[in-house]
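Q: coords below, sequence missing:
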């Protein structure tokens, strides 16, 4: 039975990282979802315990959610922002995001507000996130603002997955329909066109238009492709 490394979020905002054996990744995901966890990452482990997942060029929404959950835990524990960023830097695995965090920490240490420092890196810190932090800094409840953003992100992830699931089958049907139309127009109809041409009789206008269209598509198929 293969072993998997997984990272999930609890309802209180904390992160749980463990390993477990399961028949498949899908079975493990179902088991974790039944337990009420928000799945952030599931990776198969190799024989040497090394993750088989490749490097990502862009940080995912799930990774950013993990960052905020860990950040919230540190702030709730009473750690200062700079010290919290130091700890998060040690755990960061995305090179570009790591560089952005270093710049944020430097700016905050120099006296700039956290929201303004993060706003310099809009590729990693969305405008909505920075504005939320700015509001939290003004009211003095930064942890509560981050917690509300985490709940918002979780809802958006759930909706995104539901939309993807709902669109998968219709997309497949549309693709198959288009493929069948192409086969009919490019290969089937020309065969009947040859039969009709042997009749040496006038054909209805719609039939002529269809034959001309298929002839054009067949000649310029590579261009359209």
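A: Noted; the coordinates are in hand. Keep in mind that this is a model prediction, so the values were computed, not measured.

Q: Mind listing the residues bridging to residue 18?
A: Beta-bridge pairing for residue 18 (DSSP bridges): residue 6.

Q: burial of it, as a residue count?
A: By the criterion of other C-beta atoms under 10 Å, residue 18 has 10 neighbours. Every residue, glycine included, has its C-beta placed from N, CA and C.

Q: and what of residue 83?
A: Residue 83 has 12 neighbours, counted by other C-beta under 10 Å.

Q: Look at residue 11 and give its secondary structure.
A: Put simply, residue 11 is coil when judged by DSSP: H, G, I helix; E, B strand; the rest coil.

Q: how much space between it and residue 97?
A: 26 Å (C-beta to C-beta, to the nearest Å).

Q: For this structure, give me the ranges with low pLDDT.
A: Scanning the chain for pLDDT under 70 picks out 1, 12-14, 45-58, 193-194, 196-201, 221.

Q: where exactly do the helices run in it?
A: Ranges of helices in the chain, per DSSP state H, are 25-34, 61-76, 81-91, 95-109, 114-119, 127-139, 142-183, 189-199, 205-219, 221-224.

Q: which parts of the second one are buried?
A: Judged by neighbour count using 16 or more other C-beta atoms under 10 Å, the buried positions of helix 61-76 are 62-75.

Q: Now these in CSV, please, with extra columns for distance to residue 177.
A: Output for these, formatted as CSV (distance: C-beta to C-beta, whole Å):
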residue, distance to residue 177
62, 33
63, 37
64, 37
65, 37
66, 40
67, 42
68, 42
69, 43
70, 46
71, 47
72, 47
73, 50
74, 52
75, 52
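
Q: hmm, back to that, looking at the helices of the chain, which is closest to residue 43?
A: Nearest to residue 43, of all those, is helix 25-34, at 8.5 Å by C-beta to C-beta.

Q: by contact count, what packs against that closest one?
A: strand 3-9, strand 38-44 (3 or more C-beta pairs under 8 Å, 6 or more residues apart in numbering; DSSP states H and E).

Q: what's residue 112 sitting at in phi/psi?
A: Phi and psi for residue 112, reported as degrees, to the nearest 10, are phi -80, psi 150.

Q: Residue 136: how many residues sit nearby?
A: Look at residue 136: counted by other C-beta under 10 Å, it has 20 neighbours.

Q: Show the contacting residues for residue 183.
A: Not one residue lies near residue 183 by C-beta atoms under 8 Å, 6 or more residues apart in numbering.

Q: related to what we said a few turns ago, deepest-packed of the helices of the chain, please.
A: Mean neighbour count, computed with mean count of other C-beta atoms under 10 Å, is highest for helix 114-119 among the helices of the chain, reaching a mean of 21.
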